[in-house]
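1. can you look at this prediction? I've put the sequence above it.
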Amino acid sequence: MATSPRHQPSPQQPAQHPAGQSQPGSQPPGTAPGVQVPEGYVLAPAPRKKRFVRRHPVLTLVGLVVAVVVVVQLAGGSGEVAPASPGPSSGASDAGEPGTDAAPAEDAPAGVGTPVADGAFEFVVTGVEPGVARVGDEMFGADAQGQFVLVRVTVTNVGDSAQVFDASAQSLVDGQGRTHSADSGAAIYLPDANSFLTSVNPGNTVDGIVVFDIPADATPASVDLHDSLFSGGVTVALG
């Protein structure tokens, strides 16, 4: 006797749950292990990381580099590079070759017999007599503290008004660089001195003697001549 096949039970189908809801007893993705999510609770999808966020620092750095390049180009103007200045020629200035810029030498002072001018006066030193112990005669005269130096000078007024030639405006420098003033008191014992407040009219010339009392071991080096106490003066070498 044929038997009817037994009814085979269909496999049990899993319960359907709405999309986005977690199944009972299941562990939703993105939750920590052991954390139970109530049935029917909808989990928001995990935010997707954007690649732009990761690339943002690199793009920022690139932008800064581009900005710096633009600023440098704008500041550079035409962009032409100035030619480098030529370096010093090797040993040219040390060797004193022609064409090098040498420091100009100072003008040497005029000497005896050379005309020089200061203000309204033109001077010519005509002679120097050092080592004089006394000026004047036996009755009326003056003895030197060290030695008298007699500087003979011709004075011409080249101005347009009278000018006084005065020994007190003149000075002498010795070989050690010391400056000595004139001795007007001793000059009065020389009748032809013409160096004490002597007025010289325009165009006139007088021959005078300026007396200096300097140490016995000193050597006269130069004399500074002035047309007045307040003029610049001019130097004449005596050596």
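-> The structure has been received and is ready for your questions.

2. C-alpha only now, for contacts and for neighbours.
-> Will do.

3. neighbours of the spatially closest residue to V173 that is not a sequence neighbour, just the number please.
-> Nearest residue to V173, sequence neighbours excluded (CA to CA, 6 or more residues apart in numbering): T179, at 4.5 Å. A count of nearby residues for T179, using other CA atoms under 10 Å, gives 15.

4. show me what the helix or strand hosting D143 packs onto, helices and strands only.
-> Secondary structure assignment for D143, by DSSP states H and E: strand 141-157. Counting contacts by 3 or more CA pairs under 8 Å, 6 or more residues apart in numbering; DSSP states H and E, strand 141-157 is packed against strand 121-136, strand 205-214.

5. beta-bridge partners for D118, please?
-> Beta bridges link D118 to F121, judged by DSSP bridges.

6. what about A142, distance to S181?
-> Remark: distance between A142 and S181 (CA to CA, to the nearest Å) = 16 Å.

7. L150 reaches V210, doesn't it?
-> Yes: counting by CA atoms under 8 Å, V210 is a contact partner of L150 at 5.9 Å.

8. more neighbours: the two, which one.
-> More crowded of L150 and V210, by other CA under 10 Å: V210, with 27 against 22.

9. skipping its backbone neighbours, what lies nearest the more buried one in space?
-> Nearest residue to V210, sequence neighbours excluded (CA to CA, 6+ apart): V151, at 5.2 Å.

10. contacts only, for the one you found.
-> Neighbour list for V151: 125-129, 209-211 [criterion: CA atoms under 8 Å, 6 or more residues apart in numbering].

11. and these, which are buried?
-> 125-126, 128, 209-211 (16 or more other CA atoms under 10 Å).

12. shaky segments in the protein?
-> Confidence mapping of the chain against pLDDT under 70 gives the ranges 1-62, 65-66, 68-106.

13. could I get the full set of strands for it?
-> Ranges of strands in the chain, per DSSP state E, are 116-118, 121-136, 141-157, 163-165, 171-174, 179-181, 198-200, 205-214, 220-225, 234-237.

14. coming back round to it: enumerate the positions of the strand holding D143 that are buried.
-> Result for strand 141-157 [16+ other CA under 10 Å]: buried residues 142, 144, 146-157.

15. next, the angle from it to strand 121-136.
-> Between strand 141-157 and strand 121-136, the angle comes out at 170 degrees (axes from the mean of the first three to the mean of the last three CA atoms, to 10 degrees).

16. what's around S171, how many residues?
-> For S171, the neighbour count with other CA under 10 Å is 21.

17. OK, contacts around it?
-> When contacts are counted by CA under 8 Å, 6+ apart, S171 is found next to 179-182, 223-225.
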